[in-house]
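Student: What follows is a predicted protein model with its sequence.
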Amino acid sequence: MTRTVKMGLAILVLGIMVIGYGGLCSKKEEATTGSSEAVGTVVIVSDPYISGATFFEDLNGNGVWDAGEEISTPSDSNGNTHFDHFVLNGTNLILKDKGTHNGVPYTGKIKRKVDGDGNLAATPLTTLLANGWTAAQIITVLSNAGLTDLTEADLKTDPMAGIELLDSSALTYTHLTKIQASLAVYSFMAIMDALITNGYDINYETFVSNTATAMPALTNMVTQIRTALSPEALDTLNTYMAASPYTLPAVTAGDVIRTAVAIANHIIPKVKDNPAYADPTKFVDWASNLGKGFYTLRNKDNANIKLAILLTLLPDVTGKTTFVIDPTTETVVSQ
């Protein structure tokens, strides 16, 4: 066989491989994880960001990991994880190792149906899409529950992107809509998982058949999360910091987002027992003390923060990684 014929065959085979593989897989993306550069599909797991989580590529569609199905790298503190190869369009990526969420073990279930994007956000909203909900169904249900500003494009994007460091001068309700929706759906699915079989896999038909329970639970979670996660909550914290005798860093959206997550984690089991549960009288104290805690953790190396801790204006976070609401005393404690 001549060299020319060999080269022609090689090019033909390569072309077939590229067409066959590229037609099924998402586009090439590059990501840096740790010290080594990897090329493959990047997944950003956000509810908000979950650390130490892995996904598997559910090739046979049975919803559970089977030997031979690829597992992603553990997610970093910004939720970034990746597969070394390009995952198949039409398959679901499903959370395997759940990692930590706001400093405590994550208990939810996250999915993302691969649809051609190289960078894939995986959130509770993409989980509903992977469960077979249409974008219109999700937007209508959330709008009826009190979240009216979502678009179809919002459902597949990272709800934390671009907002974590916004301060009082820039943050608006529009910035927070996606993360409010993500937290509300996470909370809602956790509640439904306690009330019906496979609540994290709930499809629209099951939702409709359980409307009498499901809709009040979702509406309640939206109301409570919007109370905890708002520009006003950030303003209240910022006013407290501004009254310090020291010049302190600005409070940012990330501080109130983590506060809302901690409140959601506390009230989820309450709403499981009573879908109408609400205790707004405690929200002010929870939001204030949680906000101060997460703010201090984020800025703990700042010299003026250290002085404020010494004067007990801010909580001592030495050796601490997170703040939660104690389920028994319902007071804020550090861990």
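Tutor: That came in fine, so what should we check first?

Student: From here on, just use CA atoms for contacts and neighbour counts.
Tutor: Will do.

Student: quick one, what contacts the nearest residue to Val271 once chain neighbours are set aside?
Tutor: By the measure of Cα to Cα, 6 or more residues apart in numbering, the closest residue to Val271 outside its immediate chain neighbours is Tyr277, 5.3 Å from it. With contact set as Cα atoms under 8 Å, 6 or more residues apart in numbering, Tyr277 has these partners: 220, 270-271.

Student: Tyr277 sits in which helix or strand?
Tutor: Under DSSP states H and E, no helix or strand contains Tyr277.

Student: can you check the one 4 residues further on too?
Tutor: Using DSSP H and E, Thr281 maps to helix 280-298.

Student: residue boundaries of the helices in the stretch 51-200 of the chain?
Tutor: 124-130, 135-145, 173-195 (DSSP state H, counting those that start in this stretch).

Student: most tightly surrounded among those helices?
Tutor: helix 124-130 (a mean of 26; mean count of other Cα atoms under 10 Å).

Student: Give me the contact list for that helix.
Tutor: Under Cα under 8 Å, 6+ apart, the answer for helix 124-130 is 47, 92, 109-113, 135, 138, 155-156, 181-183, 185-186, 201-203.

Student: do stretch 304-317 as well
Tutor: So stretch 304-317 is contacted by 244, 246-248, 292-293, 296-297, 299-300, 334 (Cα under 8 Å, 6+ apart).

Student: Which one (most neighbours) among those?
Tutor: Within the contacts of stretch 304-317, Gly293 tops the neighbour count with 26 neighbours, counted by other Cα atoms under 10 Å.

Student: So for that one, what pLDDT did the model give?
Tutor: On pLDDT, Gly293 comes in at 98.

Student: and if you look at Ala287?
Tutor: Looking at Ala287, its pLDDT is 93.

Student: Could you check how far it is from Ala264?
Tutor: 11 Å (Cα to Cα, to the nearest Å).

Student: out of the two, which sits in the more crowded spot?
Tutor: Ala287 (25 against 22).

Student: Correct me if wrong: that one contacts Ala228.
Tutor: Yes. At 6.4 Å, Ala287 and Ala228 qualify as touching, with contact defined as Cα atoms under 8 Å.

Student: what residues are shared contacts of these two?
Tutor: 256, 259-260, 263.

Student: Any chance of these in CSV with distance to Ala161, pLDDT and neighbour count as columns?
Tutor: As requested, the shared contacts of Ala287 and Ala228 are exported to CSV (distance: Cα to Cα, whole Å; pLDDT from 0 to 100; neighbours: other Cα atoms under 10 Å):
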residue, distance to Ala161, pLDDT, neighbour count
Val256, 15, 96, 28
Thr259, 18, 96, 28
Ala260, 17, 95, 27
Ile263, 22, 94, 22
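
Student: And the spatially most central residue of the chain, how far from Asn265?
Tutor: The centroid of the chain falls nearest to Asp47 when counting by Cα atoms, centre = their mean (1.3 Å). Applying Cα to Cα, the value for Asp47 to Asn265 is 12 Å.

Student: just Thr259 next, same as before
Tutor: 10 Å.

Student: Surely Asp115 is in contact with Gly90?
Tutor: Yes. Between Asp115 and Gly90 a contact is recorded at 6.1 Å, counting by Cα under 8 Å.

Student: Map the structural domains onto the sequence of the protein.
Tutor: Domains of the chain are assigned by automatic domain parsing as 3-122, 144-334.

Student: Serialize those domains to TSV and add fields for distance to Ala130.
Tutor: Putting the domains of the chain into TSV (distance: least, Cα to Cα, whole Å) gives the following:
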stretch	distance to Ala130
domain 3-122	5
domain 144-334	9
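
Student: Go through those and name the closest to Asn131.
Tutor: For those, the distance to Asn131 is smallest for domain 144-334, at 5.4 Å, taking Cα to Cα.

Student: first vs last residue of the closest one, how far apart are they?
Tutor: OK, domain 144-334 end separation, Cα to Cα: 36 Å.
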